[in-house]
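>>> generate coordinates for the sequence data below:
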Amino acid sequence: MIYLLFETAKISREKIRHQFAVDAASFIEMTNYSDFLNRSAYVNGAFPQRIFYEGFYNTKIERKDATTPDRLFDILYKNGAFPMWEEKVNELTLDPERTWYIKFGGTGGGKNGQPGNKGGYSGEPDMSPDRLDILTMADALKYWINWDDAQDIYKLYVQIYQLLGSVEEAQYSVFERLINKHNFFRKSYWLNTGEDCTMGNCGADFFDNYQFKPVPYCIRQVMIYGNKPTSNAFQPYQIWAPDKAVDMPPTIKNCRPPGLFQLEAIPDAHLANMASVHAGLSNYQGYPVIQNWTAPDNYFLVNFNGLVKCPAVGTTSPCVHATVMLSGGKLWPYPTPKFQVRLYP
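Residues are numbered from 1 along each chain as shown. Down below sits the predicted model:
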């Protein structure tokens, strides 16, 4: 009876130790995905809105008909130059809202599309005609926009989105390194069990069973219009513009199409897999993670490793199981950085 109690406690301790290890490793691994999505959501929406609000909201552009001037902030938003939350632009207090309804306005409305849900991108954000008029011909006719000022606005706009693109590329590069071979999962599992989680026999492999492919979207060309003074008293200003739209150099790898970064998106189906029930593997929402483990030898010479069957995957060995879910936020459209990880042991 003493040996039975001892051996029962020993194998129970091993099972609990491996369960805690796979729980911790799964949570840590999914946190890498959560961090990337939350940071990318900020780059998609809140950051550009804040930058353009602080830079252009109080800049007034005089109308040629001498009526009330308009804000440069509103003009650029109408031209689809950046996304904004229309309802709360003056308050900029987004936290009380479950979803941040940040989107491109005016002629940029096509960019508010959603990537396809079947792994493809049939419903991807519309970047056609691959050109953005930061200041349009209509703006030059309507407002006293000096050509020198128009060029300064263009240069600042390109610098802002080149910076946002470089930030997003750096974030994705870090994310790729963190999930490469799922080292965080494997190291966490080793620290808690002292056992190597080998390739092909590791719970981390279940993260690779589902697609997770974010894609950046860009614009190819940018155009501006402005007014140049003339010596003609009857036409003091002449509409001026480059001979052709300015080609944008690539600012981030794998952008669709290559050019100036605008946003990062991912098909809803990829995010849905992180918050869906995968029948046969788990009864909870999220990625099911199954880890085989080796039972220790015992006094009674019972081979638990050959007798016990893991029901989820059908292997003849003991296993522990966790389900880790990621939900609560949005990447695009309506970028909302509220992704949170939840663990179901």
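>>> how far is stretch 235-255 from where the chain is centred?
Centre-to-centre, stretch 235-255 and its host chain are 28 Å apart (Cα atoms, centre = their mean, to the nearest Å).
>>> now it: buried residues?
Across stretch 235-255, burial judged by 16 or more other Cβ atoms under 10 Å covers Tyr237, Trp240, Ala241, Ala245, Val246, Met248, Thr251, Ile252, Cys255. In short, each C-beta sits where N, CA and C put it, glycine included.
>>> alpha carbons only: can I get that stretch in PDB?
In PDB, the C-alpha atoms belonging to stretch 235-255 read as follows (Å, rounded to 0.1, in the frame of the first residue of the first chain):
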ATOM      1  CA  GLN A 235      -4.700  85.700 -62.700                       C
ATOM      2  CA  PRO A 236      -2.400  86.200 -59.700                       C
ATOM      3  CA  TYR A 237      -2.000  82.400 -59.200                       C
ATOM      4  CA  GLN A 238      -1.500  79.500 -61.600                       C
ATOM      5  CA  ILE A 239      -2.300  75.900 -60.700                       C
ATOM      6  CA  TRP A 240       0.900  73.900 -60.500                       C
ATOM      7  CA  ALA A 241       1.700  70.200 -60.200                       C
ATOM      8  CA  PRO A 242       4.500  67.700 -61.100                       C
ATOM      9  CA  ASP A 243       4.500  66.500 -64.800                       C
ATOM     10  CA  LYS A 244       3.300  63.100 -63.500                       C
ATOM     11  CA  ALA A 245       2.500  61.400 -60.200                       C
ATOM     12  CA  VAL A 246       5.600  60.800 -58.100                       C
ATOM     13  CA  ASP A 247       6.600  57.100 -57.800                       C
ATOM     14  CA  MET A 248       7.000  56.000 -54.200                       C
ATOM     15  CA  PRO A 249      10.100  53.900 -53.300                       C
ATOM     16  CA  PRO A 250       9.200  50.600 -51.500                       C
ATOM     17  CA  THR A 251       9.100  51.300 -47.700                       C
ATOM     18  CA  ILE A 252       8.200  47.800 -46.400                       C
ATOM     19  CA  LYS A 253       8.800  44.300 -47.700                       C
ATOM     20  CA  ASN A 254       6.100  42.300 -49.400                       C
ATOM     21  CA  CYS A 255       3.800  45.200 -49.700                       C
END
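>>> residue ranges for the strands of the chain, please.
Under the criterion DSSP state E, the chain contains strands at 60-61, 70-71, 83-84, 103-104, 131-133, 215-219, 221-223, 226-229, 237-240, 246-247, 260-265, 287-292, 319-327, 340-344.
>>> now those strands as JSON lines including distance to Gly280?
JSON lines is the format used below for the strands of the chain (distance: least, Cβ to Cβ, whole Å):
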{"stretch": "strand 60-61", "distance to Gly280": "61"}
{"stretch": "strand 70-71", "distance to Gly280": "56"}
{"stretch": "strand 83-84", "distance to Gly280": "40"}
{"stretch": "strand 103-104", "distance to Gly280": "39"}
{"stretch": "strand 131-133", "distance to Gly280": "47"}
{"stretch": "strand 215-219", "distance to Gly280": "30"}
{"stretch": "strand 221-223", "distance to Gly280": "50"}
{"stretch": "strand 226-229", "distance to Gly280": "63"}
{"stretch": "strand 237-240", "distance to Gly280": "65"}
{"stretch": "strand 246-247", "distance to Gly280": "51"}
{"stretch": "strand 260-265", "distance to Gly280": "30"}
{"stretch": "strand 287-292", "distance to Gly280": "9"}
{"stretch": "strand 319-327", "distance to Gly280": "12"}
{"stretch": "strand 340-344", "distance to Gly280": "16"}
